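> Structure for this input, please:
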Amino acid sequence: MGYSIEGDLLEVCNCNVLCPCWIGEDPDNGYCDATLAYRINSGEVDGVDMSGVIVAGVGKIPGNVLAGNWKRQLYIDSKASNEQSAAAIDLLQGRRGGPLADLAQLIGEDLEPKRADITFTLNEGKGMLKIDGVLEAEMEPYRGPTGEVTTLNESIFTTIPGAPAYVSKAEYFRVNDPGVGIELDIEKTNAIQGMFRFESA
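Residues are numbered from 1 along each chain as shown. This next block holds a predicted model:
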């Protein structure tokens, strides 16, 4: 049942910067159309090496983020092996416990996971996420007067518990996911980047 993984997060949604969900307030539009993508750089799940696995979720949050009842479509990168894919789905659907199980409790309807070609890049702070045929977004974090990335800590909601979130803005966010009911082509909206380390015994 145990796992230990670490990697990077890219997140984008249709709220203005900064998404109110992170501080427990209602989303700007009354709902939040969001995408979370985890790239696992190293770690394992019950002996399965998860290095390089990317898993993304496209979700519709119908109101306050903490009230749950999200509708979600998971995508597993097509380069992952069948064992890695099964482990990633178990993690994101909460069957392995730990911080990802806490997040999974907010899902009201989880559609059958799909395979897709996923591109996830981070280059000098600039992030790019693409789910082939479904979604594309580019984002960059804000920086303070010293040049350091602007961070959010100790927020009531987070997708990377225990780590600071890098407050970012998406240059564009395009989604066409009929299953979840999201079709967007918008610019200059909220984005979040960060690093994670998740463990469960």
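
> what's the spacing between the most centrally placed residue in the chain and residue 143?
Per C-alpha atoms, centre = their mean, the C-alpha nearest to the average position across the chain is that of residue 36, at 1.6 Å. Distance of residue 36 to residue 143, given as C-beta to C-beta, to the nearest Å: 23 Å. Just so you know, the C-beta spots here come from the backbone N, C-alpha and C atoms, and that holds for glycine as well.

> Please apply the same query to residue 71.
Per C-beta to C-beta, residue 71 is found 34 Å from residue 143.

> What of residue 192?
As for residue 192, its distance to residue 143 is 15 Å (criterion: C-beta to C-beta).

> In terms of neighbours, single out the busier of the two.
residue 192 (28 against 13; other C-beta atoms under 10 Å).

> Run the chain-centre distance for the lengthiest helix in the chain.
Ranked by number of residues, the top helix in the chain under DSSP state H is helix 82-92. Distance of helix 82-92 from its chain centroid, counting by C-alpha atoms, centre = their mean, to the nearest Å, is 16 Å.

> Next secondary structure after that helix?
helix 99-104 (DSSP states H and E).

> Just the CA atoms from that following helix would do, formatted as CSV, please.
Extracted as CSV, the C-alpha positions of helix 99-104 are listed here (Å, rounded to 0.1, in the frame of the first residue of the first chain):
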residue,chain,number,x,y,z
PRO,A,99,-2.5,13.5,0.7
LEU,A,100,-3.9,12.4,-2.6
ALA,A,101,-6.7,10.5,-0.9
ASP,A,102,-7.7,13.8,0.9
LEU,A,103,-8.0,15.5,-2.6
ALA,A,104,-9.9,12.5,-4.0
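
> buried sites along that helix?
99, 100, 101, 103, 104 (16 or more other C-beta atoms under 10 Å).

> give the contact list for the closest residue to the second one other than its chain neighbours.
Meaning residue 100. Closest residue to residue 100 apart from its sequence neighbours, by C-beta to C-beta, 6 or more residues apart in numbering: residue 91 at 5.1 Å. Residue 91 makes contacts with 3, 5, 45, 55, 100, 198, as judged by C-beta atoms under 8 Å, 6 or more residues apart in numbering.

> All good on my end, thank you.
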